[in-house]
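Novice: curious how this folds, go ahead:
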Amino acid sequence: KMQADEEEMMADDSDDVDDHEHDSDEEGGAVLLIMSYSHRRGPLVPPPDLLLDVRHLPNPSKQMRDNGYTGLSKRLRKEWFADARVCKEFDAAVERVMATLAKKAQESECSGGERSVRVGICCEMGKHRSVAFAHALGEQDWSLDQQWSVTVSHRDLVPESKTGNNNSNNNSNSNRRRTGRRQGQAKDRTQYGGDF
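Specialist: Below you'll find the model as predicted:
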């Protein structure tokens, strides 16, 4: 039974990694950076343009959290977004992000500056609520006057294997990012660690 649950969880999360980097058609186009983080581990540096605090929302079920599911899990997100309070807060967050994007676009047209918006989403541990919220925001269509390139990252979510040996996953993820940058390739679609 335990092995079946582990296999199901791995299969459930395996297609979650294909998310969240949409390229803008224009070089130097608008960039929306969405980052989840743990409130316990301190604020984001530099501070985000928009901060969304989801600590007041209910946690996903204890069973999901105890079984190692994070906000990257489709199963956890489906259960959590079934709560009307979460959906209401998400809809309000989408409106706030849209208003921030519109304001930034207007400011950059007047000043000729760069169009980038940083959205920080915090929960207490940075593993469940903020990650699920960031993931869902990354799936939205952020087209206004132009397409926004969207990158979702998770500062305090470290990829873990079920055996608890984090070293191989952390090192391979870190190496992939370094190699990709060195060769001029796109960043990992789901990024872990670091600030904006």
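
Novice: doesn't Ala93 fall inside a helix?
Specialist: Yes: assessed with DSSP: H, G, I helix; E, B strand; the rest coil, Ala93 lies in a helix.

Novice: could you report the pLDDT at the closest residue to it other than its chain neighbours?
Specialist: Distance criterion C-beta to C-beta, 6 or more residues apart in numbering; nearest residue to Ala93, sequence neighbours excluded, is Leu52 at 5.3 Å. C-beta: built from backbone N, CA, C; applies to glycine. Here the pLDDT value assigned to Leu52 is 98.

Novice: tell me which helix or strand Leu52 sits in.
Specialist: Leu52 belongs to strand 50-53 when assigned by DSSP states H and E.

Novice: buried residues in that strand?
Specialist: Neighbour counts using 16 or more other C-beta atoms under 10 Å place Leu50, Leu52 of strand 50-53 among the buried residues.

Novice: circling back: who does the residue nearest to Ala93 bridge with?
Specialist: Leu52 has these beta-bridge partners by DSSP bridges: Ile121.

Novice: show me what contacts it?
Specialist: The neighbourhood of Leu52, defined by C-beta atoms under 8 Å, 6 or more residues apart in numbering, consists of Ala93, Arg96, Val119, Gly120, Ile121, Cys122, Phe133.

Novice: which ones are touching the fourth one?
Specialist: Looking back up the chat, that one is Gly120. Met35, Tyr37, Pro43, Leu44, Pro47, Pro48, Leu50, Leu51, Leu52, Phe196.

Novice: report the secondary structure state of the first one.
Specialist: Three-state secondary structure (criterion: three-state DSSP) places Met35 in strand.

Novice: quick check: phi and psi at the closest residue to Val31 other than its chain neighbours.
Specialist: The spatial neighbour of Val31 that comes closest, neighbours along the chain excluded (C-beta to C-beta, 6+ apart), is Ser116 at 4.2 Å. Main-chain torsions, Ser116, degrees, to the nearest 10: phi -140, psi 140.

Novice: distance of Lys78 relative to His56?
Specialist: 21 Å (C-beta to C-beta, to the nearest Å).

Novice: and the two most separated of the contacts of Gly120?
Specialist: Leu52 and Phe196 (14.5 Å; C-beta to C-beta).
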